[in-house]
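Chemist: Mind looking at a prediction? Sequence and model below.
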Amino acid sequence: MKHTQLPLSEFIQRRQRFFEQMLDDSIAIFSANKEVTRSNDTEYPFCQNKNFYYLTGFNEPEAILVLIKSATPQAILFCQPKDPLAEVWHGRRIGEVKAKQDYGFDQCFTLLQLTEQISDYLNEANTLYFCRGQNESFDQQIYQWLDSNKAKSRQGFSSPKQLIDCQNMVEELRLIKSEDELTIMRQVNVISGKAHQRAMEKTTAGKFEYQIEAEILHEFARYGARFPAYNSIVAGGDNANILHYTNNDQQLNDGDLLLIDAGGELAGYAADITRTFPVNGVFSAPQKALYQLVLDAQQQCIQAIKPGQTLGHLNELCCEVLTKGLLELGILSGDYQTLLSEKACKKYFIHGLGHWLGLDVHDVGDYHMVNRAQTRAFEAGMVMTIEPGLYIPLEDNEVDEKWRGIGIRIEDNIAVTDQGHENLTVNAPKSIEAIEQLMAK
Ligand code: GLY
Ligand code: MN
Ligand code: MN
C-alpha cells in the first residue's frame, strides 16, 4: 500500500496562514523533536513535534524552522547535513538541498549555519514568536540566542523587544481540518476499524489481552499505520474500569466483556476508537442493557453535532440519556430532575464526553469561548471524539451484583461539516446485532 502523505501545497498554505497572523518585522522559530532514548543505544520510534510537522511536513529530528515576516516573507529550514557515515548507520537524511526542492522552503541550510544566521535574523526583528514551555532545552536555546545578541549590543546588535507565545496561533489553525487532512483521517479510521473487526474475530475465552493487542497492531501496520496513535487499551472484564489500563496481560474470561480503545496513526494523524464486546460473542442480559444505554447516549450525541452545537450541551444531553436509563435499570434511584442536577450519572460516567482529534489524539485547540464561561461553538472542519461510557467496578457494593465488573465505552470520531457531521468511524461494528453476527462467524 502506498504511503499516504499530504500534498506540498497544504504545508505551504499553512505557513501562509501563519504568516498572515504575524506582525510586520517579526520572526517565528519552531523546533523539531529530538530522538528519545529508550535504553542505552536504542531509541523510541521517532515522533515529530506536531506543530513543527504541521508547518513543514519535515519528519527528521534536529531541525529548526524560521519564518521571517518582512516585505517578502521567508520560510527557512535548518536541518542535519548529509553525512554518508552517519547515514549508513542511522538511515538516510534529506539534507538541505533536497529539503529546499521538496518541501517548498525559500531557503535551507544545515544546522551548522544556524547560530550565526539566527543572530542576524533576531537583529532585524521587533517581535519573536515561539511555542514556549513545550521543550525546556528549546526555550533555553531561544534565551541564549537573545542573550548573545544583547551581549553584542556595542557592535550594533539588537534583539526583538516583544516575545509572543504562539502556541495558540498554531492550535487554532490545527483545530480546523482541511479536505486533505480529512481524507487522511478517514483512511486511518478505516484502518483502525479493520483492526477492531479483526480483534472481534480473533477473541475467544482463554486468550490473553496481549494476543488481541497483537492482532490490532498487526492490522494497523499492514495498512501503513505502523504505530498506534497511543498505547492500546485491551481490557477484559473489570480491567475496563481502569480508564487508562495498558498492562494488557490478563487472560480473557468467558462471560466477560472486552473493552478495546485503539487507534492507528497515519501520516501523523490519529484515530481514537473504542469498542466493547462479549469475549464469548454473545452479550448477557445485563451487559446488553448497559451496552444499549451507552450506545443510545452516543448516537443521540452524534446526531446532534452540527455547526453551532457545543460540547457542553452534548455533555448535558449525554447525562440526560444516561440518567434516565440508569433510573430505568434501577442502578440509580430517586427523582430524575434531582439526579440530573446532582450529576448523579457521573458516578458511573467518570470522564468527559469527547475531545478534539487530529495530529494528536487529544488534539490541540481551546474548548472554551473567549469569556471561558461556555464551551465554544462547533465549526465545519473540527474533528472530535464522542465517547460516553459506564463503569461499574467489581467492588461497587451499592448496585445489584449482576452489574458489577462491567465497563463499557463506545468511541467514534466525528467531523463537523457545513450541514451537520460526518462519522469517520464507518467500519468498526457497533450495534449489538452487528457485533454478535460478526463474532458468530
Ligand atoms: N484513547 C484515549 C481517549 O479515548 O481519550
Ligand atoms: Mn478519546
Ligand atoms: Mn480512546
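Modeler: Structure received. None of these values were measured; they are calculated from a predicted model. Ligands and ions are numbered 1, 2, ... in the order given.
Chemist: Show me which residues of the stretch 301-441 of the chain are close to ligand 2?
Modeler: residue 385 (Cβ under 5 Å from the ion). (Each C-beta comes from the backbone N, C-alpha and C, glycine too.)
Chemist: What are the boundaries of the helices in the stretch 301-441 of the chain?
Modeler: 311-329, 336-341, 432-440 (DSSP state H, counting those that start in this stretch).
Chemist: What count of nearby residues applies to residue 213?
Modeler: By the measure other Cβ atoms under 10 Å, the count of residues near residue 213 is 21.
Chemist: Ok, the one 4 residues further on next?
Modeler: Other residues near residue 217 come to 18 when the count uses other Cβ under 10 Å.
Chemist: Make 627 the first number, not 1, from now on.
Modeler: Shifting the count to begin at 627 puts that one at residue 843.
Chemist: residues touching it, list them.
Modeler: Residue 843 is in contact with 821, 854, 858, counting by Cβ atoms under 8 Å, 6 or more residues apart in numbering.
Chemist: Retrieve the pLDDT associated with residue 999.
Modeler: pLDDT recorded at residue 999 is 77.
Chemist: picking that back up, between the contacts of residue 843, which has the most around it?
Modeler: Counting neighbours by other Cβ under 10 Å, residue 821 leads these with 30 neighbours.
Chemist: Assumed that one was part of a strand.
Modeler: No: using DSSP: H, G, I helix; E, B strand; the rest coil, the assignment for residue 821 is helix, not a strand.
Chemist: Count the neighbours of the nearest residue to it once chain neighbours are set aside for me.
Modeler: Spatially, and ignoring its direct neighbours in sequence, residue 821 is nearest to residue 845 (3.8 Å; Cβ to Cβ, 6 or more residues apart in numbering). Residue 845 has 22 neighbouring residues, counting by other Cβ under 10 Å.
Chemist: what residue ranges in the protein are flagged as low confidence?
Modeler: When residues are selected by pLDDT under 70, those of the chain lie in 627-629.
Chemist: residues of stretch 1020-1029 that come out buried?
Modeler: Neighbour counts over stretch 1020-1029 (16 or more other Cβ atoms under 10 Å) mark 1022, 1025, 1029 as buried.
Chemist: is any part of the host helix or strand of the residue nearest to residue 821 close to ligand 3?
Modeler: Assigned by DSSP states H and E, residue 845 belongs to helix 835-848. No: using Cβ under 5 Å from the ion, helix 835-848 stays clear of ligand 3, with a minimum separation of 12.7 Å.
Chemist: what comes up buried for that helix?
Modeler: Buried residues in helix 835-848 (16+ other Cβ under 10 Å): 835, 837, 838, 839, 840, 841, 842, 843, 845, 846.
Chemist: Kindly indicate which of those residues lies nearest ligand 1.
Modeler: Nearest to ligand 1 among these: residue 842, at 12.9 Å, using Cβ to the nearest ligand atom.
Chemist: Leaving out chain neighbours, which residue sits closest to that closest one?
Modeler: residue 821 (4.4 Å).
Chemist: ok, now which ones touch the one you found?
Modeler: When contacts are counted by Cβ under 8 Å, 6+ apart, residue 821 touches 841, 842, 843, 845, 846, 888, 890.
Chemist: what's the farthest-apart pair in these?
Modeler: Farthest pair in those (Cβ to Cβ) is 841 and 890. Separation: 13.0 Å.
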